[in-house]
Structure formats: structure tokens, C-alpha cells
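Participant: Sequence and predicted structure below; questions after.
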Amino acid sequence: MDKVLAGNTVAVNDEGYLEDFSQWNKDIAKEMAAEYGIELGEDHWKVIGYIQEQYEKGASLSIRSIGKSGVVSIKEFYQLFPEGPLKRASKIAGIPKPVSCI
């Protein structure tokens with residue numbers, strides 16, 4: 001299904017995740033974050049960059065792996081992306097929902 005984000009028509013699945021990572025850009029990320037009441041700051045962008053790098057490498061993501069990355073602690077991850085940090089951060093980063101997310 002299509003959704004308009006930041007003036008761009010993008011394909012999203014039924015959970016709102018982008019179906020094509022190449023459609024992602026920072027303006028789309030900002031608008032997705034705003035839907036959760038999140039204003040993206042420097043630490044958010046570090047996490048998003050890390051998640052995208054791991055996705056491109058084919059690495060599996062988990063909350064634990066984010067905490068061990070050295071980018072942010074698990075506590076900080078929950079503060080940056082409350083209520084399901086990995087789901088929300090992945091969606092904002094434009095990647096598919098990680099397998100570790102229910």
C-alpha cells in the first residue's frame with residue numbers, strides 16, 4: 001500500500017514499514033518519528049545509522065545487540081525510542097521489522 005511521507009509516495013506494508021529501503025530519506029524518517037512524538041536528535045541519528053549499517057551487512061538486530069554496539073546503552077535506547085525501541089527505530093530507519101520483534 002502507498003503512503004505519503006514528507007511529500008513522497010512510498011510503499012509500506014500493513015505495519016507501516018517501508019517495503020523499499022531505497023525510498024528512505026531523512027525527511028521521511030523525521031515524519032515517521034513525529035508520528036510517535038519523537039523529535040530526532042543526534043543520538044537518534046547515530047542509532048538509525050547503526051541500524052542501517054547492520055541491515056546492509058545482513059546482521060540480525062536485537063535490543064541486546066544495540067546495547068552492545070557502543071552506540072547507546074539499552075537504557076538510552078528505550079529513552080530515545082520509547083514503547084518498543086527496536087520496532088520504532090527500525091521503522092524510522094526504513095528497514096523491515098527485525099525478526100526478533102514480535
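Facilitator: Here it is on my side, so go on.
Participant: what about the strands in the protein?
Facilitator: 2-5, 8-11 (DSSP state E).
Participant: so which of the ones you listed comes closest to residue 92?
Facilitator: Among the strands of the chain, strand 2-5 comes nearest to residue 92, with 10.8 Å by C-beta to C-beta. Glycine gets a C-beta too; all of them are placed from N, C-alpha and C.
Participant: Please tell me how far that closest one is from the chain's geometric centre.
Facilitator: In terms of C-alpha atoms, centre = their mean, to the nearest Å, the centre of strand 2-5 is found 16 Å from the chain centre.
Participant: Identify the residues contacting it?
Facilitator: 9-12, 16, 27-28, 31-32 (C-beta atoms under 8 Å, 6 or more residues apart in numbering).
Participant: buried subset of the residues you listed?
Facilitator: The neighbour-count criterion (16 or more other C-beta atoms under 10 Å) marks 10, 12, 28, 31-32 among the contacts of strand 2-5 as buried.
Participant: which residues sit against the biggest helix by length in the chain?
Facilitator: Determined from DSSP state H, the single longest helix within the chain is helix 42-57. With C-beta under 8 Å, 6+ apart as the test, helix 42-57 has contacts from 21, 29, 33, 38, 40, 61, 65-66, 69, 71-72, 76-77, 80-81, 89-90, 92-96.
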